[in-house]
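K.L.:
Please work out how this folds:
(one chain, ligands or ions: 2)
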Amino acid sequence: EKKPIIVAIDGPAASGKSTTARILADKLGYIYIDTGAMYRSVTLKALREGLLDDLRKDESGISRLLRTITIGFQGDRVILDGEDVTEAIRENQVSREVSFISSLKLVRDKLRELQQQMGRKRGIVMDGRDIGTVIFPDAELKIFLVADPAERAKRRHVELSLKAGGAAVPSLEELEAEIKQRDRDDEERTHAPLKRHPDAVLLDTSNMSIDEQVNVVHDLVMKIVGQS
Ligand code: CDP
Ligand code: CDP
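P.N.:
Ligands and ions are numbered 1, 2, ... in the order given. Purely as a prediction, here's the structure:
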């Protein structure tokens, strides 16, 4: 039996992190942890409790919420305080506020602790913005995925159109603007900004299929765990 490793996958929105991480984890028999879903869950809870306006003035108001929150995964489902929120955390309002909530130090401290706990036995693929830099700088394999903003907007558009089943979805222009804004917010924040760890393998997926990008990462894992 090979020793399990940690695969850390970071990069901007719609670069392909979660599809790659999910398939890779499946192939390896590892656990996949979507840390974006954890930040989205905190955001959903703050929205439901009507805290957003107050938090913009004084972030200490988030500490009560963080004291009692529970976030977990059951297969592909995301469970917040015992409730399945897998769909709810993808709502537009959550997407709009998640970068703000993610910029708060108290939130990052709490989720860092939870995420490091989840990876203590290794054998995980974790994706997000700061996994290679902050959460697991000792991950055996670090990947940084990028893709052209226009290509990423196209991907999101396809994804949303499929989900909407005929209902209106934002235009390509709107989606590209939203993606670029979120990239900027994530890159410019003080605590754990989005950036490539110097050891992370840079992979531009603009012209890659999902299969191709999974294969590249899978080959890198095989080199490390020594079976191929
Ligand atoms: O899937 P998508 O690219 O829309 O984003 P996500 O992975 O669900 O992450 C949503 C947001 O959570 C990001 O834009 C970041 O603001 C924040 N995030 C973070 O700050 N750190 C992480 N490790 C993961 C997500
Ligand atoms: O997790 P992240 O936001 O980085 O991206 P994702 O959710 O894995 O990918 C965003 C969308 O792009 C999904 O609908 C993927 O199926 C699609 N995609 C693609 O069409 N081609 C790729 N090479 C990678 C992702």
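
K.L.:
Number of residues surrounding Glu140?
P.N.:
Other residues near Glu140 number 16, with proximity taken as other CB atoms under 10 Å. All C-beta spots, glycine's among them, are computed from the backbone N, C-alpha and C.

K.L.:
Skipping adjacent residues, who's closest to it in space?
P.N.:
Excluding its sequence neighbours, the residue lying closest to Glu140 (CB to CB, 6 or more residues apart in numbering) is Ile5, at 3.9 Å.

K.L.:
The one you found and Val221, how far apart?
P.N.:
Ile5 sits 7 Å away from Val221, going by CB to CB, to the nearest Å.

K.L.:
same check, this time on Leu114
P.N.:
Per CB to CB, Leu114 is found 24 Å from Val221.

K.L.:
Looking at the two, which one has more neighbours?
P.N.:
Val221 (20 against 16).

K.L.:
Quick one: residues contacting that one.
P.N.:
If a contact means CB atoms under 8 Å, 6 or more residues apart in numbering, then Val221 has 5, 7, 24, 28, 141 as its contacts.

K.L.:
go with 10 Å
P.N.:
Counting by CB atoms under 10 Å, 6 or more residues apart in numbering, Val221 touches 5, 7, 24, 27-28, 30, 125, 140-141, 143, 227-228.

K.L.:
likewise Glu59?
P.N.:
Listed by CB under 10 Å, 6+ apart, the contact set of Glu59 reads 51, 100-101, 103-107.

K.L.:
same thing but 8 Å
P.N.:
Residues near Glu59 by CB under 8 Å, 6+ apart: 104-106.
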